[in-house]
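Asks: Show me how the following folds:
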Amino acid sequence: MILYSVTVNIEEGVHDEWLHWMKTEHIPDVLNTGLFVDNKILKLLTEVGNGGVTYSFQYYLRSIEDYETYQNEHAPRLQAEHARRYQDKFVAFRTLLEVVG
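Replies: Prediction:
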């Protein structure tokens, strides 16, 4: 199993609206690709005083091929929509991991 993790630090001023949008629109759009088998939202408890709130969005896939399909066919559109809505209000980084246990 593959874990695609997206960590986002969002400015506090847009946090509530952004989190609602993530839960009601963005994450359902990601899951509607049919490539993910599970997902989780985690909030970072040990903030470093950077003026925002940090979340880890974890998406589970069956295979690296499903990840590649997501990256090639869906990610550019979904990431662009997020960037358009919250330009200059967030920082994000993505990590790809393999579940080994």
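Asks: what's next to the host helix or strand of R94, contact-wise?
Replies: Per DSSP states H and E: R94 is located in strand 90-98. With Cβ atoms under 8 Å, 6 or more residues apart in numbering as the test, strand 90-98 has contacts from 1-11, 18, 52, 67, 82. (Each C-beta comes from the backbone N, C-alpha and C, glycine too.)
Asks: Confidence-wise, which of those comes last?
Replies: Within these, G52 has the lowest pLDDT, namely 92.
Asks: What separation is there between that residue and E65?
Replies: To E65, G52 is 34 Å away according to Cβ to Cβ, to the nearest Å.
Asks: Which residue of these two possesses the greater neighbour count?
Replies: Between G52 and E65, counted using other Cβ atoms under 10 Å, G52 has the larger neighbour count: 20 against 11.
Asks: Quick check, that one in contact with I10.
Replies: Yes. Counting by Cβ atoms under 8 Å, G52 touches I10, with 5.5 Å between them.
Asks: For the chain, just list every one of the helices.
Replies: Under the criterion DSSP state H, the chain contains helices at 15-21, 27-31, 64-73, 75-85.
Asks: what comes up buried for the third one?
Replies: By 16 or more other Cβ atoms under 10 Å, the buried positions in helix 64-73 come out as D66, Y67, T69, Y70.
Asks: try the longest one
Replies: The neighbour-count check on helix 75-85 (16+ other Cβ under 10 Å) flags A75, H82 as buried.
Asks: Which residues does that helix contact?
Replies: By Cβ under 8 Å, 6+ apart, the residues outside helix 75-85 that reach it are W18, W21, H26, D29, V30, F90, A92.
Asks: Same question for the first one.
Replies: Surrounding helix 15-21, the residues in contact under the criterion Cβ under 8 Å, 6+ apart are I10, G52, V53, Y55, R85, Y86, K89, F90.
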